[in-house]
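Chemist: Sequence first, then the predicted structure, then my questions.
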Number of protein chains: 2
Amino acid sequence: MKVVVTGAGGFVGRQLVSRLLERGDTVVALDAQAGGIAHGVRAVAGDLGAKAVRDAALAGGCDALVHLATVPGGAAEADPGASRRINVDAMYDLLLEASALRPGLRVVYASSIAVFGDPLPAHVDDGTPLSPKMIYGGHKAMMEDAVAMMSNRGLIDGVTVRLPGILARPKGPSGMKSAFMSNLFHALKAGEAFTCPVSASGMIWAQSVARCAENFVHALSLDTALLPPTRAVTLPAQRISMRDLAAEVARQCGVSEDLVTYDADAELEAAFAAQPPLATPAAEKAGFTHDGDIASLVRSALATL
Amino acid sequence: MKVVVTGAGGFVGRQLVSRLLERGDTVVALDAQAGGIAHGVRAVAGDLGAKAVRDAALAGGCDALVHLATVPGGAAEADPGASRRINVDAMYDLLLEASALRPGLRVVYASSIAVFGDPLPAHVDDGTPLSPKMIYGGHKAMMEDAVAMMSNRGLIDGVTVRLPGILARPKGPSGMKSAFMSNLFHALKAGEAFTCPVSASGMIWAQSVARCAENFVHALSLDTALLPPTRAVTLPAQRISMRDLAAEVARQCGVSEDLVTYDADAELEAAFAAQPPLATPAAEKAGFTHDGDIASLVRSALATL
């Protein structure tokens, strides 16, 4: 199938594009930056907010669209107008334009657990109300409704997946406030000390980037009758403590877990390391999975570092 | 208090403005049309999508905003772009602009049961997922998320109320597909025959316009800690059959209920007269009410005809 992937040069996008190419799909890779795109794809670089850029990506048609491109959480807080322009307006336009070319096409939309609020409620499951606080989460929630509405009209056949923490991101500034989870991997792999900005007992929800990419591939072909009426599911994730994560990363890297010390930032702790019990039966029913156990999660995350 | 009311010249707006003036509030009445605005208010006429018009309404500041202005359901289906421009973009701008002048102001937002979909699910309560199908419902749902997000950030102090069928609207084209419910009142009051476009056994959710205006007045001062995390409640409504409604209207108008015949349109029936059991505990906890019984509902609706 021919798949347009937005945000294809990003962390999840590159993994996904590799998998799609492996299975023989034709890929159009749209990204704000020209670099970082795999060989064997048609690459389109430019601002998603520009119609000409979207038109270039859609030229020649497509069977499905995976929409990963986003102004991420930290960047959206810093510039709410940019988030509105890209995360709401440009996405809405893109869905209408893709639908006009290929009515009813499969659209897989990367939303976020930020739709549930900050801090998260005491328990999260498929009935948890959306109550975003971050600009990013608010805009993601708005577009979840748009995906549901357009799907109910037959304009698209949408699947919204809310991503938990994805491990491990590349080094360097990503605009993601949750980058510390990945920086732990980079430090220990290099045998370096790491000061963790959340506490050892802080609880995170995590999934490896390889598993995340597999979940996106699954979303491209799943039977949407299995989804809730919102078309949105929270991806399954393992709920683990930073201490347990650090110990397993250290073990697999062959270094001492004493390299990790903790100096908790209250705001980061509340936003990303106080994650409550999570139940995701709707996603599991639709065939989405997490990595299984902490050793598999860490092994998978280290393999793609 | 000083209240800006958008859509003030509309059906619900006029009732609300009257009530606010009665209790001594200062009212700025914004509407697309210059006519239909009560005396004793500062009236601003113009397109809500124009910044100059919004600025004129907000000039001089305000303590609260009641946002009734909308491209209604039928009109939104006919022109989705107009709905997006007014029901999403202009409202989002208005909330930011009002918040910039008066951070944390009370905002009461008129949403719709259309957020639940078309047809409605088999039962509607406070846990029913949003799955809009109509453009109108999709855009209303998107802005429910925006109200929640802006409220969680302290930009506004928002209350979203989802309106059921409101009785009785004035005669004439309103853009509302549900106008038939009101046309029943006009016909029987005039002693005229009425062909009802849904079946006698069709079930509707209804509230009188006077009660609806009282609910908006209540929303201006309620303690928002009583609301769910979404800030949104479905207003309490009586669930009644068209047959029972017609019989009571005929009785109070002193005419025969045989004036009413039924010729059901499948689409209207599915959208507006197949309304399932409704439970609204969240709204009731926050102090919202319906008319009590069918005689009170009809009496109230006839009084404002």
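Modeler: Yep, it's here.
Chemist: Pull the contacting residues for A:L220.
Modeler: For A:L220, the residues meeting the contact criterion (CB atoms under 8 Å, 6 or more residues apart in numbering or on different chains) are A:M1, A:V3, A:A64, A:V66, A:R106, A:V108. C-betas here are computed from N, CA, C, even on glycine.
Chemist: what's near enough to touch the residue nearest to the third one when sequence neighbours are not counted?
Modeler: Spelled out, it's A:A64. Counting by CB to CB, 6 or more residues apart in numbering or on different chains, the nearest residue to A:A64 once its immediate chain neighbours are dropped is A:R106, at 4.1 Å. The neighbourhood of A:R106, defined by CB under 8 Å, 6+ apart, consists of A:D63, A:A64, A:L65, A:I156, A:D157, A:G158, A:V159, A:L220, A:S221.
Chemist: now A:R106, what's its secondary structure?
Modeler: Remark: A:R106 carries the secondary structure label strand [criterion: DSSP: H, G, I helix; E, B strand; the rest coil].
Chemist: And for the residue lying closest to A:P281 once chain neighbours are set aside, the neighbour number?
Modeler: Once its chain neighbours are removed from consideration, A:P281 has its nearest residue in A:D126; the separation is 6.1 Å (CB to CB, 6+ apart). A total of 16 residues lie near A:D126 under the criterion other CB atoms under 10 Å in any protein chain shown.
Chemist: A:D126 against A:K285, yeah?
Modeler: No - judged on CB atoms under 8 Å, A:D126 makes no contact with A:K285 at a distance of 9.5 Å.
Chemist: Find the nearest non-adjacent residue to A:V88, please.
Modeler: In space, not counting the residues next to it along the chain, A:V88 is nearest to A:H139; the distance is 5.0 Å by CB to CB, 6+ apart.
Chemist: How confident was the prediction at that neighbour?
Modeler: Looking at A:H139, its pLDDT stands at 98.
Chemist: swap in A:A82?
Modeler: Confidence per residue is given as pLDDT, and for A:A82 that number is 98.
Chemist: same question, A:K177
Modeler: According to the prediction, A:K177 has pLDDT 72.
Chemist: what about the nearest residue to it once chain neighbours are set aside, which SS state?
Modeler: Excluding its sequence neighbours, the residue lying closest to A:K177 (CB to CB, 6+ apart) is A:G74, at 4.6 Å. Taken by three-state DSSP, the conformation at A:G74 corresponds to helix.
Chemist: what's the pLDDT at A:G74?
Modeler: Reading off the per-residue confidence, A:G74 sits at a pLDDT of 87.
Chemist: neighbours of it, just the number please.
Modeler: Residues near A:G74, counting by other CB under 10 Å, number 17.
Chemist: And it, how far from chain B?
Modeler: With the distance defined as CB to the nearest CB, to the nearest Å, A:G74 ends up 15 Å from chain B.
Chemist: Same check on A:V255?
Modeler: Following CB to the nearest CB, the distance that separates A:V255 from chain B is 41 Å.
Chemist: what sits against that residue?
Modeler: With contacts defined as CB under 8 Å, 6+ apart, the neighbours of A:V255 are A:L188, A:G191.
Chemist: Confirm it sits in a helix?
Modeler: No - residue state for A:V255 (three-state DSSP) corresponds to coil; a helix is not indicated.
Chemist: how many other residues sit next to A:E192?
Modeler: Other residues lying near A:E192 total 10 when counted by other CB under 10 Å.
Chemist: how about the nearest residue to it once chain neighbours are set aside, what does it touch?
Modeler: Closest residue to A:E192 in three dimensions, ignoring its sequence neighbours and counting by CB to CB, 6+ apart: A:L259, at 6.9 Å. Contact criterion CB under 8 Å, 6+ apart gives A:A187, A:L188, A:G191, A:E192, A:A193, A:F194, A:A250 as the residues in contact with A:L259.
Chemist: So which of those residues belong to helices?
Modeler: Using DSSP state H, the subset of the contacts of A:L259 located in helices is A:A187, A:L188, A:A250.
Chemist: Please look at the residue nearest to A:K177 and A:F180 and confirm they touch.
Modeler: No - with contact taken as CB under 8 Å, A:G74 and A:F180 are classed as non-touching, separated by 11.8 Å.
Chemist: who in the stretch 101-250 of chain A is up against chain B?
Modeler: With CB under 8 Å from any CB of the partner chain as the criterion, the stretch 101-250 of chain A meets chain B at residues A:115, A:117-118, A:121, A:127, A:129-135, A:137-138, A:141-146, A:148-150, A:152-153, A:228-231.
Chemist: Can you show me the strands along chain A?
Modeler: For chain A, the strands defined by DSSP state E cover A:2-6, A:26-31, A:42-45, A:64-67, A:105-112, A:156-163, A:165-167, A:194-196, A:203-208, A:232-234, A:238-241, A:260-262.
Chemist: What is the least confident helix or strand in chain A?
Modeler: helix A:266-272 (a mean of 88; mean pLDDT, DSSP states H and E).
Chemist: So which other helices or strands are in contact with that one?
Modeler: Helix A:266-272 sits against helix A:180-189, with contacts defined as 3 or more CB pairs under 8 Å, 6 or more residues apart in numbering or on different chains; DSSP states H and E.
Chemist: and the helix it packs on, average pLDDT?
Modeler: Per-residue pLDDT values across helix A:180-189 average out to 93.
Chemist: coming back round to it: which pair in the contacts of A:L220 has the greatest spatial separation?
Modeler: A:M1 and A:V108 (12.2 Å; CB to CB).
Chemist: Just want to know which of those two has more residues nearby.
Modeler: With neighbours defined as other CB under 10 Å, A:M1 and A:V108 compare such that A:V108 has more, 25 against 14.
Chemist: Could you give the average pLDDT over stretch A:108-121?
Modeler: For stretch A:108-121, the mean pLDDT works out to 94.
Chemist: what's the span of that stretch, first residue to last?
Modeler: One end of stretch A:108-121 sits 26 Å from the other (CA to CA, to the nearest Å).
Chemist: returning to what we had before: among the strands of chain A, where is the model least confident on average?
Modeler: Of all the strands of chain A, strand A:165-167 carries the lowest average pLDDT, namely a mean of 91.
Chemist: sorry, back to before: what's the overlap in contacts for A:M1 and A:V108?
Modeler: With contacts taken as CB under 8 Å, 6+ apart, the residues that reach both A:M1 and A:V108 are A:A64, A:L220.
Chemist: Counting by contacts, list what the top helix by length along chain A packs against.
Modeler: Of all the segments of type helix in chain A, defined by DSSP H, the longest one is helix A:135-152. Counting contacts by 3+ CB pairs under 8 Å, 6+ apart, helix A:135-152 is packed against helix A:73-78, helix A:80-83, helix A:91-101, strand A:105-112, strand A:156-163, strand A:232-234, helix B:135-152.
Chemist: Setting the sequence-adjacent residues aside, check what's closest to A:L120.
Modeler: If the residues on either side of it in the chain are set aside, A:L120 comes closest to A:P276, at 5.5 Å by CB to CB, 6+ apart.
Chemist: And the one you found, how close does it get to A:S241?
Modeler: Counting by CB to CB, to the nearest Å, the gap from A:P276 to A:S241 is 13 Å.
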